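[1] Have a look at this fold, sequence not included:
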């Protein structure tokens, strides 16, 4: 069988000279004493091993022969047998041997209080869970201090329930339950008090508890506050100082009303700082949102959409010329030549009608507007702006005449260019260059829809044919 780690630790230090009442080897029920651990107010604690199984345990022996001490010892064993959570030592057995009552429980290790914000919060919340469970069963601990907190695999465990006490009706109900009983009792209310001689540890016990023996839920909360202060060596950060100050108030009514409220304050200790930080971020964000919304309402949505369609790229000018392929071939061929390469703005129109109600002032340079979409916009610019159109419809809604609007248009094919609000004489046609004659059309105050343009062209051709027929004798 593998040796228990606690027994191995004790054996590694060699024989221990015991100053306890019972020597090594003393038997308490199924447990054999292997080492002396320490002495408390009413009893002594020994390290022991199971006679048959060899497992380790802590055996607490009552050595004080007083009726009140016996009652407390029995109450501690009874309460420990009912607590099944990991927040308390595990109960093994209870009985009498060698003329003394004994309690065998889980052997745990002592440890140091954690330091630092997160470690202290995690530690205290675990202890709060244990104390809250005691309160829910109608008990108050009355002796919460670092010496009564042991460790199981880095998990804090609240031990030494010798001073745990219920009051009045709940005390009698708890004492009437069997040793291995189960269910709890009604939760202890804050104003339920036990008034006797002072109990607890000075420095951790509340003033009313140590001086007058008035034990309440508030007394345990006071001890938790002192325990929190001890985690920071008496110099808690500002977020903790406020919590500790309230928990350790000399006036019980000014403390937290319950352990749950104390734990909630620990969890929300950074709420004020987080709120101020959030407000510091939210205010400029809100201001920026207002500015953005105002800009958006004043045409920012169209400016955003225009930038989304525009991109920088190389614009190549193509010229077509009739040239013979070779001297022996009599018929010329159409040859395309790149005459100019320049960095410009390429406007890609989605396959829909893109409407811009607000005027768009183009900067000097070259633009290429590529379909298959339609653009309805008020375009204007200086005389050094060139707009090349390809496979698209442009309804220029501008009312700015030449020379204020000196844009030069180049139609590269499949283009319908309509100056919807200008007459032919206002913008000289020399500013429109038809580079490729395929399916290009230019109109002034013409229809904005291509189907209406086709109908208009058909009517014009019909009238022209009818006029030519009348002129024939």
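    Perfect, I can see it now. Treat the numbers as computed from the prediction; the structure is a model and nothing was measured.
[2] ok, and the closest non-adjacent residue to residue 96?
    residue 102 (7.1 Å; C-beta to C-beta, 6 or more residues apart in numbering). Just so you know, the C-beta spots here come from the backbone N, C-alpha and C atoms, and that holds for glycine as well.
[3] where does the stretch 1-150 of the chain dip in pLDDT?
    Applying pLDDT under 70 to the stretch 1-150 of the chain picks out residues 1-18.
[4] give me that answer again for 90
    The stretch 1-150 of the chain contains residues with pLDDT under 90 at 1-21, 38-43, 63-69, 71-72, 84-85, 98-99, 142.
[5] now the helices for it?
    Ranges of helices in the stretch 1-150 of the chain, per DSSP state H, counting those that start in this stretch, are 5-12, 67-82, 117-136.
[6] what's the neighbour count on the closest residue to residue 272 other than its chain neighbours?
    Closest residue to residue 272 apart from its sequence neighbours, by C-beta to C-beta, 6+ apart: residue 239 at 7.8 Å. Burial of residue 239 is recorded as 17 neighbouring residues (other C-beta atoms under 10 Å).
[7] same question, residue 272
    Neighbours of residue 272 (other C-beta under 10 Å): 12.
[8] For stretch 368-378, buried residues please.
    Neighbour counts over stretch 368-378 (16 or more other C-beta atoms under 10 Å) mark 368-371, 373-378 as buried.
[9] ok, residue 267 - contacts?
    Neighbour list for residue 267: 121, 125 [criterion: C-beta atoms under 8 Å, 6 or more residues apart in numbering].
[10] Need the pLDDT of it.
    We have a pLDDT of 93 for residue 267.
[11] how close does residue 37 get to residue 111?
    15 Å (C-beta to C-beta, to the nearest Å).
[12] Between the two, tell me which one has more neighbours.
    For residue 37 and residue 111, the more surrounded residue by other C-beta under 10 Å is residue 37, and the numbers stand at 18 against 14.
[13] Now the more buried one. Nearest residue, chain neighbours left out?
    Closest to residue 37 by C-beta to C-beta, 6+ apart is residue 45, at 4.4 Å.
[14] Show me the beta-bridge partners of that neighbour.
    In this entry, residue 45 is beta-bridged to residue 38, residue 60, by DSSP bridges.
[15] pLDDT below threshold where in the stretch 301-450 of the chain?
    301-303, 315-342, 371, 383-384, 400-406, 412-414, 423-441, 448-450.
[16] show me where it has strands.
    With DSSP state E, counting those that start in this stretch, the ranges of strands along the stretch 301-450 of the chain come out as 310-324, 332-348, 353-355, 360-361, 365-370, 374-377, 379-380, 385-390, 392-396, 408-411, 415-419, 432-434, 441-444.
[17] Now tabulate those strands in a markdown table and tack on distance to residue 94.
    Shown next, in a markdown table, are those (distance: least, C-beta to C-beta, whole Å):
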| stretch | distance to residue 94 |
| --- | --- |
| strand 310-324 | 84 |
| strand 332-348 | 86 |
| strand 353-355 | 87 |
| strand 360-361 | 91 |
| strand 365-370 | 91 |
| strand 374-377 | 92 |
| strand 379-380 | 96 |
| strand 385-390 | 96 |
| strand 392-396 | 94 |
| strand 408-411 | 103 |
| strand 415-419 | 100 |
| strand 432-434 | 107 |
| strand 441-444 | 106 |
